[in-house]
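Asker: Sharing a sequence plus its predicted fold:
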Amino acid sequence: MDKYSSETQRRGKRACMVCSIVLPKTEFKRNGCPNCEDYLHLSGNEEAIELCTSNVYEGLIAMGDPSKSWVAKWQRIDKYRPGTYATKVMGVLPEDVVTSLADEYNIRYIPRDGSAGNDD
């Protein structure tokens, strides 16, 4: 557990496995992911929220201006909206979602759990 945020503060929050934004589960249900909604379709979809977000994540980054943040570039979140992001998100994105990202949206999925190298 992160030593600066209590379990109570983290309760009910989840991180998107694609972009790593951290939001309350209710926000994902109400509005979807502010970065990934066009292809994950989380809004109103409880099953997709469970499959494509995780309640197990490490570290938090508060990002105000993604285009000017070296941390955002390092974390590969510099093209996303301002918000709070996890440094690592644990979980496995379903293979059909990974395939859909690649085939339909030309998006190469990079796991946010630290298992992918920095080769690109």
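Answerer: On my side now, so go ahead. Numbering: from 1, shown residues only.
Asker: Quick check: which ranges of this protein have low pLDDT?
Answerer: Residues of the chain meeting the criterion pLDDT under 70: 1-10, 116-120.
Asker: all helices for it, in order.
Answerer: Using DSSP state H, the helices of the chain run over 7-10, 25-31, 37-40, 46-52, 70-74, 95-105.
Asker: closest one to residue 59 among those helices?
Answerer: When these are compared by Cβ to Cβ, helix 70-74 sits nearest residue 59, at 10.7 Å. Bear in mind the C-beta positions are built from the backbone N, C-alpha and C, glycine included.
Asker: tell me what the closest one is packed against?
Answerer: Other helices and strands packing on helix 70-74, by 3 or more Cβ pairs under 8 Å, 6 or more residues apart in numbering; DSSP states H and E, are strand 57-63.
Asker: now the helices of the chain in TSV, with distance to residue 58 and mean neighbour count?
Answerer: Shown next, in TSV, are the helices of the chain (distance: least, Cβ to Cβ, whole Å; neighbours: other Cβ atoms under 10 Å):
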stretch	distance to residue 58	mean neighbour count
helix 7-10	11	10
helix 25-31	18	17
helix 37-40	21	16
helix 46-52	18	16
helix 70-74	15	13
helix 95-105	22	12
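Asker: mind listing what the residue nearest to the spatial centre of the chain touches?
Answerer: Relative to the mean C-alpha position of the chain, the nearest C-alpha, by Cα atoms, centre = their mean, is the one of residue 20, at 2.1 Å. The contact partners of residue 20, by Cβ atoms under 8 Å, 6 or more residues apart in numbering, come to 57, 75, 77, 85-87, 89, 112.
Asker: go with 10 Å
Answerer: Contact analysis of residue 20 by Cβ atoms under 10 Å, 6 or more residues apart in numbering lists 35, 53-54, 57, 59-61, 75-77, 80, 83-89, 112-113.
Asker: got it, and residue 16?
Answerer: Contacts for residue 16 (Cβ under 10 Å, 6+ apart) come out as 22-23, 28, 32-37, 40, 42, 49, 52-54, 57, 80, 85-86, 89, 93, 112.
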